[in-house]
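**Q** I'll drop the sequence and a predicted model, then ask my questions.
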Amino acid sequence: MTTRSVLLVAAAAASLASGALAQTFSKHPVVTPTPVWTELGPAPIDGVDYTGRVSAMACSPVDANVYFGAGADGGVWRTGDGGQSWTPLTDFMPTTAIGALAIDPGDPDVIYAGTGESNYANHSRYGLGLLRSTDGGDTWQQLAANVFSGRCFSNIVVDHANPDIVYASITRAGGFPELVAAKGHPGATGDLGVFKSLDQGVTWTRLTGIPNLSTTSLAMDPANSSILYAGVGRIFGASGNGVYRSTNGGATWTLLGGGLPSGSSVGRITVAVAPSNPNRVYALLTNPSSSFGSGASTLGGYRSNNGGATWVNVSPGSIQSSYGWYLSVVSVHPTDPDTVFMGGLTLSRSINAGASWSTVTPPHVDLHALAWDAAGRLLVGDDGGVQRSTDLGSSWIPRNDGLGLIQFYAGLSTHPTQDLVFYGGTQDNGTNRRTTSGQSWDHIFGGDGGWTQVDQANPARVFVEFQGVGNLYLSSDGGSSFGYSGSGLAGRNAFLPPFLIDPTNSNRMYYGSHYISRSTNGGASWSAISGDLTTGSGAIRSLAIAPSDSSVLWAATNDGNVAISTNSGVSWNIVRSGNPGWPRVTRELFIHPERPLSAWLAVAAFGTDQILHTSDGGASWTPRDGDLPDIPVNTVAAIPNSPLQLFAGTDDGLYLSIDNGVHWKRYGTKLPRVPVIDIRLQLERGRLIVATQGRGVWSATLTLRPATLLPG
């Protein structure tokens with residue numbers, strides 16, 4: 001964007017942010033050339049002390065108060081006071097999706113961060129290479145993007161005898177079906193397995209002798225750096241799955257047996273070597289996944305006393321529920337090889353080499369990282385952030401103050417009169433409410449929080465949901481208490497179904513499963529009003545009501561359809577098919593505030609038109625992504641003055657076009673390069689709000705001339 005002011009349109013009466021009525025637009029408002037961005041949090045959520053998913057951790061080998069934590073989509077963070085406060089380090093690197101962290105054991109200023117989160121969820125995004133810091137995390141360099149982009153790091157191991165040598169294990173990006181999280185990245189189907197660098201990560205060679213399959217863990221012998229163990233663990237099972245050992249620095253590999261399962265009956269694998277006894281090796285094996293949330297239970301925990309030659313089953317029990325593809329951790333005490341932790345949904349501890357186990361789960365379930373600080377304290381990274389224990393897991397304290405990693409879903413809502421009030425659903429941290437300034441949010445509802453809606457005529461009425469169809473709840477007191485509001489809802493769902501309140505009649509509501517349901521009594525009951533809008537197996541992931549004519553509805557499905565109704569949802573016309581994107585709930589549709597048949601569509605995929613516009617109800621579509629970089633666009637918003645201005649919420653932050661999509665610039669320099677999943681325009685308040693997956697909610701100023709605020 002240029003340094004001069006840019007013409008913008010202003011709004012008159014109600015807020016576009018929560019689905020308000022049509023507004024009258026002036027010709028002379030102004031957007032701030034360099035917007036002032038404010039981080040709104042939460043960091044962490046009040047009352048529960050949770051933040052977003054921590055996918056990797058590493059601790060300084062010499063300073064017990066220095067840790068590094070990585071958000072699944074929130075980048076690398078550092079604490080120098082044992083987790084009492086945190087500083088983001090990689091907000092402006094090309095990606096904030098992180099899968100692995102490692103510190104050079106001989107030089108704690110050298111830190112490696114492998115991008116791309118290898119936990120296989122639909123939101124476990126692709127990576128863009130390796131990040132390396134040589135000054136303790138103050139500055140970073142992107143390396144090997146041409147080698148690894150589109151895939152994910154599961155582990156990084158630095159040779160303790162020669163720090164120039166670095167190993168990495170690489171997996172596919174996640175999702176159901178496989179590779180959904182890669183969003184069509186051209187490198188998504190590139191080489192997998194174990195890679196080796198001889199120059200601290202600058203150049204890499206894929207090691208042969210190990211299958212070209214997702215390699216979910218990598219460990220090194222603490223006494224002999226030529227001995228490596230790799231867990232090849234494609235989550236759907238593969239004939240090459242198993243634990244492999246190399247005794248010559250990766251030149252050759254041997255599939256280990258001796259009582260250890262391998263092959264297509266095995267899914268994800270995690271392996272760890274005892275730091276104090278290189279002959280003691282542990283492995284956690286998962287059953288293959290058959291579908292999302294199905295099949296991937298714990299196959300067994302295994303122990304070897306002779307460097308992997310033979311194994312015995314020391315199973316910790318069912319610690320991964322049915323989604324071990326998403327969570328699998330193993331760690332051995334730094335000085336006691338008999339004390340081992342295995343985890344997934346829950347965490348189990350054995351102090352007798354696996355002969356018996358105790359449950360020592362931290363306050364938040366879903367574990368992704370285990371680490372030990374220089375004082376021997378155990379740290380856990382999970383879907384709620386970082387927890388620390390000084391007594392081997394018997395008790396825990398959260399270490400999340402200032403750690404802003406929350407992953408919001410689309411469906412953020414605002415209050416019609418109170419600037420400070422927001423509602424939003426988050427990944428595995430429920431629905432949260434902001435009512436005061438700063439980064440303080442209250443946890444008001446559980447599960448995976450999804451779409452929210454505030455009744456603009458009576459803002460004490462707030463609707464929230466959790467994952468699955470029909471899990472809709474209503475509060476009549478602004479979110480303090482809730483009652484069930486999903487009677488009659490059914491069908492296939494996009495994990496978190498979208499729903500809307502009609503801005504002209506708050507008793508009329510719409511809800512998307514694989515068909516549209518309507519309520520005429522404010523959500524007390526629902527009935528189906530449409531047929532299947534999908535191609536036969538998908539679900540509706542986005543809904544929008546035309547602000548100027550509430551009888552015009554738009555819908556998008558996660559199997560590629562876009563549909564429109566001009567009679568309040570009674571009949572529908574599918575106007576686009578084959579539209580790629582994310583399978584979960586989105587805000588990919590934005591309807592012109594004065595023209596109900598004019599709409600913009602965001603496309604969350606590489607190698608396609610990422611923004612499309614129709615002015616004729618979907619009969620024809622025109623690309624509006626101009627010189628926008630080839631990155632997925634998750635959400636779009638428009639201010640239709642002349643020149644027309646578009647905001648694109650991408651996997652790489654927020655972009656603005658002031659010429660109807662011909663040219664694009666990043667909107668400001670202070671918003672992290674993080675996935676933007678939702679945009680809420682509040683022109684009458686002179687601001688826009690973005691919800692991100694990985695760095696919480698942010699707001700930016702839109703400076704408007706006073707004369708542009710026209711009466712309604």
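**A** On my side now, so go ahead.
**Q** C-alpha only now, for contacts and for neighbours.
**A** Will do.
**Q** Any regions of the stretch 601-712 of the chain where pLDDT drops low?
**A** Residue ranges of the stretch 601-712 of the chain with pLDDT under 70: 703-712.
**Q** That should have said the stretch 301-450 of the chain, apologies.
**A** Looking at the stretch 301-450 of the chain by pLDDT under 70, you get an empty list.
**Q** what about the strands in it?
**A** With DSSP state E, counting those that start in this stretch applied, the stretch 301-450 of the chain shows strands at 312-313, 329-332, 340-343, 347-350, 358-359, 367-372, 378-382, 385-389, 397-398, 413-414, 422-425, 431-434, 442-445, listed in chain order.
**Q** so for the longest strand anywhere in the chain, what's the average pLDDT?
**A** Ranked by number of residues, the top strand in the chain under DSSP state E is strand 277-286. Averaging pLDDT along strand 277-286 yields 98.
**Q** before we move on, back to that, and the strands of the stretch 301-450 of the chain as CSV, adding mean neighbour count?
**A** CSV is the format used below for those (neighbours: other CA atoms under 10 Å):
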stretch, mean neighbour count
strand 312-313, 17
strand 329-332, 25
strand 340-343, 27
strand 347-350, 24
strand 358-359, 16
strand 367-372, 25
strand 378-382, 27
strand 385-389, 26
strand 397-398, 18
strand 413-414, 26
strand 422-425, 27
strand 431-434, 26
strand 442-445, 21
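**Q** now for these, which one comes closest to Phe153?
**A** strand 367-372 (13.3 Å; CA to CA).
**Q** buried stuff in stretch 201-214?
**A** 201-202, 204, 206-207, 209-214 (16 or more other CA atoms under 10 Å).
**Q** out of these, who's nearest Gly343?
**A** For the buried residues of stretch 201-214, the closest approach to Gly343 (CA to CA) belongs to Ser214, at 20.2 Å.
**Q** just checking, that closest one touches Ala173?
**A** No. If you go by CA atoms under 8 Å, Ser214 and Ala173 don't touch, sitting 9.3 Å apart.
**Q** if I pick the residue lying closest to Pro105 once chain neighbours are set aside, what's in contact with it?
**A** By the measure of CA to CA, 6 or more residues apart in numbering, the closest residue to Pro105 outside its immediate chain neighbours is His160, 6.2 Å from it. Neighbour list for His160: 104-106, 222, 225 [criterion: CA atoms under 8 Å, 6 or more residues apart in numbering].
**Q** top of the residues you listed by neighbour count?
**A** Asp104 (22 neighbours; other CA atoms under 10 Å).
**Q** shouldn't that residue be in contact with Ser133?
**A** No. Using CA under 8 Å, Asp104 makes no contact with Ser133, being 10.5 Å away.
**Q** Enumerate the positions of stretch 524-537 that are buried.
**A** Buried-residue list, stretch 524-537, by 16+ other CA under 10 Å: 524, 526-528, 530, 532-534.
**Q** got the CA coordinates for it in PDB?
**A** Extracted in PDB, the C-alpha atoms of stretch 524-537 (Å, rounded to 0.1, in the frame of the first residue of the first chain):
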ATOM      1  CA  ALA A 524     -36.300 -23.300  20.300                       C
ATOM      2  CA  SER A 525     -36.900 -25.800  17.500                       C
ATOM      3  CA  TRP A 526     -35.600 -26.500  13.900                       C
ATOM      4  CA  SER A 527     -36.900 -28.100  10.700                       C
ATOM      5  CA  ALA A 528     -35.200 -28.900   7.400                       C
ATOM      6  CA  ILE A 529     -36.100 -26.500   4.500                       C
ATOM      7  CA  SER A 530     -33.700 -27.700   1.800                       C
ATOM      8  CA  GLY A 531     -32.400 -30.800   0.200                       C
ATOM      9  CA  ASP A 532     -28.700 -31.900   0.200                       C
ATOM     10  CA  LEU A 533     -26.600 -29.000  -1.000                       C
ATOM     11  CA  THR A 534     -23.400 -31.100  -1.200                       C
ATOM     12  CA  THR A 535     -22.300 -33.500  -3.900                       C
ATOM     13  CA  GLY A 536     -23.400 -36.400  -1.600                       C
ATOM     14  CA  SER A 537     -20.900 -36.800   1.200                       C
END
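**Q** What lies in contact with that stretch?
**A** 485-489, 492, 514-520, 539-540, 557-561, 563, 569-572, 574.
**Q** Is it possible to mark the buried ones in those?
**A** Neighbour counting with 16+ other CA under 10 Å marks 485-486, 489, 492, 514-520, 539-540, 557-561, 563, 569, 572, 574 as buried within the contacts of stretch 524-537.
**Q** circling back to that earlier point, which of the buried residues of stretch 524-537 fall within strands?
**A** 527-528.
**Q** Go through the buried residues of stretch 524-537 and say which is closest to Phe499.
**A** Using CA to CA as the measure, the one of these that approaches Phe499 most closely is Trp526, at 11.8 Å.
**Q** distance of that closest one from Tyr511?
**A** For Trp526, the distance to Tyr511 equals 9 Å [CA to CA, to the nearest Å].
**Q** Show me the common contact partners of the two, please.
**A** 517-518.
**Q** which among the buried residues of stretch 524-537 gets closest to Tyr302?
**A** Nearest to Tyr302 among the buried residues of stretch 524-537, counting by CA to CA, is Thr534 at 44.6 Å.
**Q** Leaving out the residues flanking it, which one is nearest to the residue nearest the centre of the chain?
**A** Closest to where the C-alpha atoms of the chain average out (CA atoms, centre = their mean) is His123, at 4.3 Å. Leaving aside its chain neighbours, His123 sits nearest to Ala181 (5.8 Å; criterion: CA to CA, 6+ apart).
**Q** same deal with Gly653?
**A** Using CA to CA, 6+ apart and skipping residues adjacent in sequence, the residue nearest Gly653 is Arg673, 4.5 Å away.
**Q** Show me what the longest strand of the chain is packed up against.
**A** Packing contacts for strand 277-286, counted by 3 or more CA pairs under 8 Å, 6 or more residues apart in numbering; DSSP states H and E, involve strand 269-274, strand 298-304, strand 329-332.
**Q** okay, those, which one's buried deepest?
**A** Greatest average neighbour count among these goes to strand 269-274 (a mean of 27), per mean count of other CA atoms under 10 Å.
**Q** name the helices or strands packed onto that strand?
**A** strand 215-220, strand 228-232, strand 242-246, strand 277-286, strand 329-332.
**Q** could those be laid out in CSV, adding distance to Leu601?
**A** Below are the helices and strands packed on strand 269-274 laid out as CSV (distance: least, CA to CA, whole Å):
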stretch, distance to Leu601
strand 215-220, 36
strand 228-232, 39
strand 242-246, 44
strand 277-286, 40
strand 329-332, 40
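**Q** So which of those is nearest Asp549?
**A** strand 215-220 (51.2 Å).
**Q** How about residues contacting the closest one?
**A** Defining contact as CA under 8 Å, 6+ apart, one finds that strand 215-220 is touched by 118, 154-157, 168-171, 192-194, 226-234, 268-273.
**Q** what's the distance between Trp451 and Ile545?
**A** Trp451 is 15 Å from Ile545, by CA to CA.
**Q** same thing with Gly618?
**A** 15 Å.
**Q** So these two - more neighbours on which side?
**A** Ile545 (28 against 21).
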